[in-house]
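> below is the structure, and that's it, no one-letter string:
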């Protein structure tokens, strides 16, 4: 919580705001397991 208050980390759905002054960008996307237990990267590929 301290880092949110200090402005060190933030969360948004506004893409322009998110990347404007960012040094690092983390994307949180679902990667469910495929039938063979490998990661299903369909959501990642759509980015």
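Now that the structure is in, tell me what you want to look at. Note that the structure is a prediction, hence the values are computed from the model and not measured.

> what sits closest to residue 41 if chain neighbours are left out?
Among residues not flanking residue 41 along the chain, residue 31 sits closest, at 6.2 Å (C-beta to C-beta, 6 or more residues apart in numbering). All C-beta spots, glycine's among them, are computed from the backbone N, C-alpha and C.

> surely the one you found and residue 38 touch.
No. In this structure residue 31 lies outside contact range of residue 38 using C-beta atoms under 8 Å: 9.6 Å.

> who has more neighbours, the two?
residue 31 (13 against 9; other C-beta atoms under 10 Å).

> residue with max distance from the center of the chain?
Ranked by distance from the centre of the chain (C-alpha atoms, centre = their mean), the top residue is residue 36, with 25.0 Å.

> assign a three-state SS to the residue nearest to residue 41, would you?
coil (DSSP: H, G, I helix; E, B strand; the rest coil).
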